[in-house]
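Asker: I would like the atomic coordinates for the input below:
(chains A and B)
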Amino acid sequence: MTINVSRRGFMIGSAAGTAALLVGVNAKGVLAAGSGVAAATDLNPFVKIDADGTVTVIIKHFEMGQGTTTGLTTLVAEELDADWATVQTAFAPADNERYANLFFHAQGTGGSTSIANSFMQYREAGAAARDLLVRAAAQNWGVDASSITVENGMLKSGGNSGHFGEFVAIAATLEAVEKPTVKTPDQFKLIGSDKLHRKDNTDKTNGTAIFAMDVNLPGMIYAAIMRSPKFGGTVTSFDDTASKDVAGFIAAQILPNKAGVVAFGKNTWAAFQARDALSVEWDFSQAETRSTDAMIADHKALLDAPQFDANHEVPLASVEPLLANATKTIDAEFTFPFLAHAPLEPENCIIEPTENGVRLHDGCQFPTLTRPMVAAALGLEPSQVEIRTLYAGGSFGRRANGASDYNVEAAMAFAVSGRKVPVKLVWSREDDIRGGYYRPMAVHRAKIGLDSDGKIIGWDHRMAVKSIMKGGPMEGMVQDGIDPTSVEGVTESLYTIPNHGIGLSDFQTPTPILWWRSVGHTHTGYVMETLMDMLATETGQDPIEMRLAMLDPAGTNQARMTEAIKLVREISGWEKGDKRGFAAHLSFNTCVAVVADVTVEDTSVHVNKLFMAVECGVAVNPDVIRAQMEGGAGYALCAAFRNEITLTDGEVDQFNFPDYELLRNAEMPAIEVAIVQSNNAPTGVGEPGVPPTAPAVANAIFAKTGKRITDLPMTKAGFDFV
Amino acid sequence: MQYQLKINGESRTVEAEPGTPLLWVLRDGLELTGTKFGCGVAYCGACTVHIDGYPTRSCQTFIEDAVDSEITTIEGATDKIAQAVQAAWREKDVVQCGWCQSGQIMSAIGLLTENPKPTDDEIKEYMYGNACRCVTYVRINEAIKLASEKLEA
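Answerer: Model prediction:
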């Protein structure tokens, strides 16, 4: 046996004087164990076990409500055979190397990847920790390791028994196995269990959960920023005379990038009041000055001559002559508005000076992006920027921002404040609704050609949308000019579609845009599933039967989708001629199929019930999956019903929830979620519930009224939602 | 200016300007951060506290109007109904991001105090003003029903 001398030496050395066992991956990327401060620095611990037996799972992803703390804890506790009820969680520090999302090679949460990328990593950490404890107990008791059983945080062998904590000191001196044996699915007790409660269940119901906005530090001052009313405008001058009348006003300063003026106050209210009292002159020469109607017209003009062929095998030019021979065509044009994410905790960030640099307190979604951006804004090295990750009061994509906009704003505010005291930047709801980083506006145009048998002979699909990735840190994902987040959901359609030409044009605007829960699928899913319904109507087919026939069973995801569709058909009792709506969509590698039941009276629509079936591989936490389907569906309904951000001469027309209305309790339909039993590797659930929901409702409204909704939000079609 | 407030059964002295919303006095002045800021215009309910036992939006309550009242925040919600509501919230795994949940719970306590056996429609109507961006409404309503049943038993 080869012994890694340095690794072994480190572990023995670090064990002295401390008692907690840490298990994680060392600098070489292999599982290792240790104890105390040295181990905490040299390892990236995923699990810590204290001498009193307390197990703490270190959460490398942030928690915005999607259930990651519960999910990652499940993976460790399963393999460790820990006592679920007492396992604690702690968020990992910012560390690109050690706490990377294995799919991104960077530390960050997004794309519904948290469980998928961590599934083996966290299980192996738990299994390695269990193995160390078993060997330590065997040594302590003088028994064979194979005689030891582990259950609920207790080790037993014959008459011997003890909790984990009793063996951590010995365990920390042992060498971790590099590839521990993990359980087979039939051995799972926690993975797949419906009995686990969320780990953030108690502190979020008694007021003790700490979010970034809840952080109060000694000597802290508060900041609010007046930003350009038109996107891309810059400050030329400002007058803070009126702000000086606000009690608690400290000072106002232009931000170094001239994007706004920051007002400092002794509390949040004073900062808001002082900010609102500022008078600012702007330079709009580089700003967006168009109105929404003009922007839609500009998108439509782009459709006439697409810049890129997104299906390399079928250039658009090859489809046009085919369509000339069509017996019948289906023509449709779709428009989608800008949408704000509107997380309920408005954007905020605290920066405090430290001996070494600064510490951020943030519901930080992408430490890998935020750290260097904040460092650059302050002239520091990234290593001088510490990030304390706290609960995030929602994100829906807003906090995963290549520009780390609100963090950098906080850094700039901290810089102009003199860097001596902690600064808390808080956005008001108006700042959030009017502050950009929207789901991009998008316009699609499709022409589907059918032969006399109703078979598709060609499909011309064009879209115009501003690229999310171009000009940002993920530009490397753009290939041949095509931003995958613009076309996803059309280019990767699971259906067998002959001669499917796909054209894309990038819309240009200074209006900042961003991924919004399910990204491109927010519009592509709606378009594809509405078109599929139109196709079924035009050809007199059952919408479900038609789709099943267009899914090639030899394709892995097609087979998964087939299962999801059959399951939702079963739970909803769908019948031929059904007057409900159906839609199904693959996103983030997860298949979701939806049946929507609506009542329409005149123009008033009520969604009575949604049936959803999801194929997301192994269901780690079935109840979290159901919760994400419920939440994703509700998030989609809210936007589809009535949300839109519109501009007049470049200025956002909406201000706050009275004119950007959230879904209300009474509007949420009953919902039934079924999960396909699967042994596939787990895939994401945070986003995939969104894309098929709105088209299922639109198709249901069509089934009841004969009216197609192609301009969103649906209120534009004259419907109201009750 | 100094104000004396009765919060969670204690008398607290706080320095604030007249016209300051109670929300910011609680959060910034008294570090009772369980009460959340969501919109500032009484449209989302995240800031709901009880004033003399009645669910009230603290973002639209001036400090000077709260001085003679009994104020209860989520941190002080400990009576039998509050405990039943919180236990039901945990049993049903209601929370997601959690930002709105203090306000939801304070409203739910208000509902069950006024109406121990609400119907589904009464729940939906009473809870209309508490928005949840994660859309946990189905579970909120189930939890209120469960708390109602537990309290009756």
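
Asker: count of neighbours near the residue in the stretch 1-150 of chain A that chain B sits nearest to?
Answerer: As assessed by C-beta to the nearest C-beta, chain B sits closest to residue A:65 within the stretch 1-150 of chain A, at 3.2 Å. Where C-beta positions appear, they are placed from N, C-alpha and C, glycine not excepted. Around residue A:65 sit 29 other residues, with neighbours defined as other C-beta atoms under 10 Å in any protein chain shown.

Asker: again with residue A:676
Answerer: By the measure other C-beta under 10 Å, the count of residues near residue A:676 is 22.

Asker: go on, the one 4 residues further on?
Answerer: Other residues near residue A:680 come to 14 when the count uses other C-beta under 10 Å.

Asker: re earlier: now name the helix or strand holding the residue of the stretch 1-150 of chain A closest to chain B.
Answerer: Here residue A:65 sits in a region with no helix or strand, counting by DSSP states H and E.

Asker: which residues touch it?
Answerer: A:392, A:394, A:631, B:95, B:96, B:97, B:98, B:134 (C-beta atoms under 8 Å, 6 or more residues apart in numbering or on different chains).

Asker: What count of nearby residues applies to the residue lying closest to residue A:216 once chain neighbours are set aside?
Answerer: Distances taken as C-beta to C-beta, 6 or more residues apart in numbering or on different chains place residue B:31 nearest to residue A:216, at 5.3 Å, with adjacent residues excluded. Residues near residue B:31, counting by other C-beta under 10 Å, number 11.

Asker: now residue B:31, what's its secondary structure?
Answerer: coil (DSSP: H, G, I helix; E, B strand; the rest coil).

Asker: before we move on, what about the one 3 residues further on?
Answerer: At residue B:34, secondary structure determined by three-state DSSP is coil.

Asker: Not counting residues beside it along the chain, what's closest to it?
Answerer: Leaving aside its chain neighbours, residue B:34 sits nearest to residue A:207 (2.2 Å; criterion: C-beta to C-beta, 6+ apart).

Asker: As CSV, could you dump the C-alpha coordinates of stretch A:505-520?
Answerer: C-alpha atoms of stretch A:505-520 as CSV (Å, rounded to 0.1, in the frame of the first residue of the first chain):
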residue,chain,number,x,y,z
SER,A,505,-31.4,37.7,-34.9
ASP,A,506,-29.9,39.5,-31.9
PHE,A,507,-31.9,42.5,-30.8
GLN,A,508,-29.8,45.4,-29.5
THR,A,509,-30.8,47.6,-26.6
PRO,A,510,-29.0,49.2,-23.7
THR,A,511,-31.7,47.7,-21.5
PRO,A,512,-30.0,45.1,-19.3
ILE,A,513,-31.4,41.7,-19.6
LEU,A,514,-30.8,38.4,-17.8
TRP,A,515,-31.9,34.8,-17.3
TRP,A,516,-35.3,34.6,-15.7
ARG,A,517,-36.4,31.3,-14.2
SER,A,518,-36.0,28.8,-17.2
VAL,A,519,-34.3,31.4,-19.4
GLY,A,520,-34.9,31.0,-23.1
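
Asker: Before we move on, what's the pLDDT of the residue of chain A found nearest chain B?
Answerer: Per C-beta to the nearest C-beta, residue A:207 is where chain A lies closest to chain B, at 2.2 Å. pLDDT recorded at residue A:207 is 97.

Asker: can you tell me which residues contact it?
Answerer: With contacts defined as C-beta under 8 Å, 6+ apart, the neighbours of residue A:207 are B:32, B:33, B:34, B:35, B:73, B:74, B:75, B:77, B:102.

Asker: Report pLDDT for residue A:94.
Answerer: pLDDT at residue A:94 comes out at 87.

Asker: that older thread, and the furthest pair within the contacts of residue A:65?
Answerer: The most widely separated members of the contacts of residue A:65 are A:392 and A:631, with 14.4 Å between them, by C-beta to C-beta.

Asker: quick one: which of those two has more around it?
Answerer: The neighbour count for residue A:392 versus residue A:631, taken as other C-beta under 10 Å, is higher for residue A:631 (30 against 25).

Asker: Secondary structure element for the more buried one, which one?
Answerer: Assigned by DSSP H and E, residue A:631 falls in helix A:622-642.

Asker: gap between the helix or strand following that helix and the chain center?
Answerer: Under the assignment DSSP H and E, the closest C-terminal helix or strand after helix A:622-642 is strand A:647-648. Its chain's average C-alpha position is 28 Å from that of strand A:647-648, according to C-alpha atoms, centre = their mean, to the nearest Å.

Asker: For the residue nearest the centre of chain B, which non-adjacent residue is closest in space?
Answerer: Geometric centre of chain B, nearest residue: residue B:106, 2.8 Å, by C-alpha atoms, centre = their mean. Counting by C-beta to C-beta, 6+ apart, residue B:48 is the residue found nearest to residue B:106 once chain neighbours are left out, at 4.4 Å.

Asker: need the contact list for the one you found.
Answerer: B:35, B:55, B:56, B:57, B:58, B:102, B:103, B:104, B:106, B:107, B:130.

Asker: Can I get stretch A:348-360 in CSV? Just the C-alpha atoms.
Answerer: Presented in CSV, the C-alpha positions along stretch A:348-360 are these (Å, rounded to 0.1, in the frame of the first residue of the first chain):
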residue,chain,number,x,y,z
ASN,A,348,-29.2,44.5,-1.2
CYS,A,349,-25.7,43.9,-0.1
ILE,A,350,-23.5,44.8,2.9
ILE,A,351,-19.8,45.5,2.6
GLU,A,352,-17.7,45.9,5.6
PRO,A,353,-14.0,46.7,5.9
THR,A,354,-11.8,43.8,7.2
GLU,A,355,-8.1,43.7,8.2
ASN,A,356,-7.3,42.2,4.8
GLY,A,357,-9.9,43.8,2.5
VAL,A,358,-13.7,43.6,2.6
ARG,A,359,-16.4,41.2,3.6
LEU,A,360,-19.6,41.0,1.7
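
Asker: Give me the distance from the helix or strand hosting residue A:571 to the chain's centre.
Answerer: In the assignment (DSSP H and E), residue A:571 maps to helix A:556-572. Helix A:556-572 sits 24 Å away from the centroid of its parent chain (C-alpha atoms, centre = their mean).
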